[in-house]
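A.B. asks: Structural data only, the sequence is not supplied:
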């Protein structure tokens with residue numbers, strides 16, 4: 001931020017941790033930086049190229065679009081240490097390509113333009129993004145604005161006028177798959193509000209101010225007033241950038257509506273005078289909005305996915321879920337249905353389920369709207385009020401609870417540590433794969449207790465191969481329920497004592513049908529996690545939902561198996577890990593005089609919809625391929641030529657010409673002297689030979 005605030009154009013590689021979503025690296029994830037992804041020569045996103053969305057805003061917010069642009073990064077010719085050529089691959093190759101393009105763009109500008117406001121981190125970023133070619137069939141979290149187009153960027157730069165732009169340039173549910181995940185699920189009444197986090201780029205000055213709250217202008221001809229909007233934004237833009245979060249929901253009047261509604265958001269930014277030549281500037285932007293709306297689905301098709309209780313990197317040092325993976329020690333993919341859990345999200349959507357994200361505590365949702373609550377790989381604790389409400393929701397309101405836990409072992413948490421080369425410090429983990437002690441408190445009223453042994457191994461359920469990647473097991477379960485067992489290995493014993501120990505009949509899944517709802521608990525989340533690198537078990541999730549719907553303990557005929565009767569044995573409660581810094585990263589717990597206490601519970605967010613304004617009939621309804629920059633290319637030059645030189649540039653050119661002429665003259669003189677020396681030397685040798693013969 002300090003660099004770009006001083007006018008330095010910052011280009012950064014996205015990273016080579018693809019193809020998973022949420023794998024982008026810093027500083028490419030910053031608003032004011034040009035984040036670059038990689039392409040192969042088929043104009044496809046390279047598999048290695050890291051994807052968005054940004055993770056800083058999670059879980060209470062929504063990630064931003066990254067990369068900004070993409071370009072070639074596969075088998076690019078470059079130099080090696082021996083002075084010859086080699087082929088280079090990676091986004092660290094793509095970003096220098098963009099840096100070179102930026103250098104060319106700055107060179108073709110007149111000197112007075114380069115030193116003025118026309119050349120800035122914002123203007124170059126705007127031009128590169130506006131000129132990029134969108135790649136078909138690829139999400140914005142993979143390609144950003146698209147493939148870099150240098151000639152078109154040159155054209156846009158010729159007529160550039162300082163202004164504000166926004167990324168993405170629109171909100172359009174009908175533009176799939178580019179607008180994935182926004183477009184992947186229609187909006188409906190009573191659903192969790194959907195937030196789109198947009199990046200404002202201010203080409204007018206390093207600072208700017210949003211002069212008044214953004215306004216919503218629905219098109220009443222398409223029933224746009226059904227959609228309610230609220231805004232959160234950075235009132236001051238610095239350096240060169242800011243954010244605009246638009247939260248969308250459907251009012252009660254749209255409970256039975258089916259169709260596509262339209263409108264636009266109006267945003268105005270003002271930048272102060274920067275010097276005597278540049279006065280105060282104002283720029284206004286129209287952001288098109290187009291939303292697909294359906295009647296509210298039935299409760300049994302709606303799933304609420306808890307994301308509030310997820311903690312991962314960069315928020316805190318929490319370990320990976322599958323301990324067999326050695327590529328990264330931390331859980332850093334966001335644990336979000338649009339990042340590493342996007343595979344199960346897409347599968348559930350393909351089966352007709354609607355999946356919503358809970359980004360607040362349990363008291364902020366109405367259980368009567370949902371058939372299922374999914375708790376997947378939670379790392380945080382639970383408020384006492386959350387535990388009471390969930391018990392009521394399950395026992396009285398018919399909310400089915402589905403839990404995918406993960407490993408937890410106190411000695412193993414202490415055993416796993418790594419040295420951070422950046423901070424020159426040892427990083428101490430602040431939890432296991434999931435917070436099993438907190439889950440045990442949450443599920444105690446339902447008779448469920450999870451253990452602290454870590455299990456891994458392969459087994460099968462009917463025709464399906466399954467893999468357990470560092471999970472926990474059941475110690476206690478309701479006697480009326482039934483379980484699935486498998487033969488697994490004790491992974492904690494292997495890692496700490498280097499002893500391989502196989503144990504049969506380990507209870508890894510339990511299902512219990514209560515009076516009005518059901519409870520399903522599986523001890524590992526790796527098989528529904530794209531980052532887990534194990535055989536996926538999406539079919540298993542589908543089977544769980546089927547057995548809950550049918551209130552059965554038998555898998556479908558295609559699987560051909562049933563669950564086993566639970567046999568309660570003796571057990572001890574899990575040992576707590578020493579995590580003295582856990583409170584720093586928790587949204588539930590804090591530390592008072594060295595002991596953990598509950599934080600003050602936040603009130604549920606209220607998204608007050610803004611008042612609708614009149615729709616401007618002159619605005620082009622339905623024109624959603626809007627230009628990112630307000631420039632008329634028809635009046636711009638189309639040839640990629642150099643700009644007219646200034647007087648200083650002519651002087652520099654004359655200096656180089658004179659130098660070249662002098663160099664040629666030196667070569668001519670040297671050649672003449674060499675010729676004369678050779679001529680007289682030859683003549684001397686001939687005379688010597690003649691004299692010698694005469695003597696003989």
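C.D. replies: Arrived safely. Just so it is clear, the model here is predicted, and its values are computed rather than measured. Numbers count the residues shown, from 1 in each chain.
A.B. asks: if I pick residue 522, what's in contact with it?
C.D. replies: Contact analysis of residue 522 by Cβ atoms under 8 Å, 6 or more residues apart in numbering lists 403, 404, 405, 471, 508, 509, 540, 544. All C-beta atoms are positioned from the backbone trio N, CA, C, and that covers glycine.
A.B. asks: Can you verify the fifth one is assigned to a strand?
C.D. replies: Yes. Using DSSP: H, G, I helix; E, B strand; the rest coil, the assignment for residue 508 is a strand.
A.B. asks: low-scoring stretches of the stretch 51-200 of the chain, by residue?
C.D. replies: Applying pLDDT under 70 to the stretch 51-200 of the chain flags residues 113-117.
A.B. asks: Swap in 80 and give it another go.
C.D. replies: Applying pLDDT under 80 to the stretch 51-200 of the chain flags residues 59-61, 110-118.
A.B. asks: What segments of it are helices?
C.D. replies: Ranges of helices in the stretch 51-200 of the chain, per DSSP state H, counting those that start in this stretch, are 91-107, 111-114, 121-131, 140-143, 150-158.
A.B. asks: can you give me the angle the longest one makes with helix 150-158?
C.D. replies: Same thing as helix 91-107. On the basis of axes from the mean of the first three to the mean of the last three Cα atoms, to 10 degrees, helix 91-107 is oriented at 40 degrees to helix 150-158.
A.B. asks: what packs against helix 91-107?
C.D. replies: Judged by 3 or more Cβ pairs under 8 Å, 6 or more residues apart in numbering; DSSP states H and E, helix 91-107 is in contact with strand 11-13, strand 34-39, strand 69-72, strand 76-79, helix 121-131, helix 150-158.
A.B. asks: still on that earlier bit, right, and the helices of the stretch 51-200 of the chain - which one's nearest residue 459?
C.D. replies: For residue 459, the closest of the helices of the stretch 51-200 of the chain is helix 140-143, at 34.8 Å, according to Cβ to Cβ.
A.B. asks: before we move on, the earlier item: any chance of the helices of the stretch 51-200 of the chain in CSV, plus distance to residue 496?
C.D. replies: Listed next are the helices of the stretch 51-200 of the chain as CSV, based on distance: least, Cβ to Cβ, whole Å:
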stretch, distance to residue 496
helix 91-107, 37
helix 111-114, 61
helix 121-131, 50
helix 140-143, 39
helix 150-158, 56
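A.B. asks: picking that back up, of the helices and strands packed on helix 91-107, which is nearest residue 189?
C.D. replies: With Cβ to Cβ as the criterion, residue 189 lies closest to helix 121-131 of those, at 35.0 Å.
A.B. asks: Could you pull out the buried residues of stretch 541-556?
C.D. replies: Residues of stretch 541-556 classed as buried: 541, 542, 543, 544, 545, 547, 548, 553, 555 (neighbour count, 16 or more other Cβ atoms under 10 Å).
A.B. asks: Find the residue closest to residue 345 in space, skipping its chain neighbours.
C.D. replies: The spatially closest residue to residue 345, leaving aside those adjacent along the chain, is residue 337, at 4.0 Å (Cβ to Cβ, 6 or more residues apart in numbering).
A.B. asks: Check whether the one you found really touches residue 358, as I assumed.
C.D. replies: No. Residue 337 is beyond contact range of residue 358, at 10.8 Å (criterion: Cβ atoms under 8 Å).
A.B. asks: Flag the helix or strand of the chain with the lowest per-element mean pLDDT.
C.D. replies: Between all helices and strands in the chain, the lowest mean by mean pLDDT, DSSP states H and E belongs to helix 647-695, at a mean of 56.
A.B. asks: So of the contacts of residue 522, which two are at opposite extremes in space?
C.D. replies: Using Cβ to Cβ, those span at most 15.5 Å, a distance reached by 471 and 544.
A.B. asks: coming back round to it: what touches both of residue 337 and residue 358?
C.D. replies: What both residue 337 and residue 358 touch, as defined by Cβ under 8 Å, 6+ apart, is the set 305, 307.
A.B. asks: which one of these two has more residues nearby?
C.D. replies: The neighbour comparison of residue 337 against residue 358 (other Cβ atoms under 10 Å) goes to residue 337, with 24 against 20.
A.B. asks: Can you give me the first-to-last residue distance of stretch 120-139?
C.D. replies: Taking Cα to Cα, to the nearest Å, stretch 120-139 runs 28 Å from one end to the other.
A.B. asks: Then stretch 514-525?
C.D. replies: 24 Å.
A.B. asks: Tell me where the stretch 401-550 of the chain is predicted with low confidence.
C.D. replies: Checking the stretch 401-550 of the chain against pLDDT under 80 turns up 417-423.
A.B. asks: how about the helices of it, start to end?
C.D. replies: Taking DSSP H, counting those that start in this stretch as the test, the helices found in the stretch 401-550 of the chain are 410-415, 436-443, 491-497, 538-550.
A.B. asks: Point out the most buried one among those.
C.D. replies: helix 436-443 (a mean of 21; mean count of other Cβ atoms under 10 Å).
A.B. asks: so what secondary structure elements neighbour it?
C.D. replies: Contacts defined by 3+ Cβ pairs under 8 Å, 6+ apart place helix 436-443 against helix 384-395, strand 449-450.
A.B. asks: Going along the chain, name the strands of the stretch 501-650 of the chain.
C.D. replies: Under the criterion DSSP state E, counting those that start in this stretch, the stretch 501-650 of the chain contains strands at 502-513, 518-522, 564-565, 589-592, 595-598.
A.B. asks: Return the most buried member of those strands.
C.D. replies: strand 518-522 (a mean of 24).
A.B. asks: starting at the chain centroid, how far to that strand?
C.D. replies: Distance of strand 518-522 from its chain centroid, counting by Cα atoms, centre = their mean, to the nearest Å, is 30 Å.
A.B. asks: Quickly run through the sheet partners of that strand, with directions.
C.D. replies: When sheet partners are counted by DSSP bridges, strand 518-522 sits next to strand 400-404 (parallel), strand 502-513 (antiparallel).
A.B. asks: Quick one: these as CSV, columns for distance to residue 172 too.
C.D. replies: Putting the strands paired with strand 518-522 into CSV (distance: least, Cβ to Cβ, whole Å) gives the following:
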stretch, distance to residue 172
strand 400-404, 32
strand 502-513, 41
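A.B. asks: For residue 119, find the nearest of those strands.
C.D. replies: Judged by Cβ to Cβ, the one of those that comes nearest to residue 119 is strand 400-404, at 51.2 Å.
A.B. asks: Rebuild the buried residues of stretch 541-556 as a markdown table, extending it with distance to residue 362.
C.D. replies: A markdown table is the format used below for those (distance: Cβ to Cβ, whole Å):
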| residue | distance to residue 362 |
| --- | --- |
| 541 | 22 |
| 542 | 25 |
| 543 | 26 |
| 544 | 21 |
| 545 | 21 |
| 547 | 24 |
| 548 | 20 |
| 553 | 28 |
| 555 | 30 |
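A.B. asks: Thanks a lot, see you next time.
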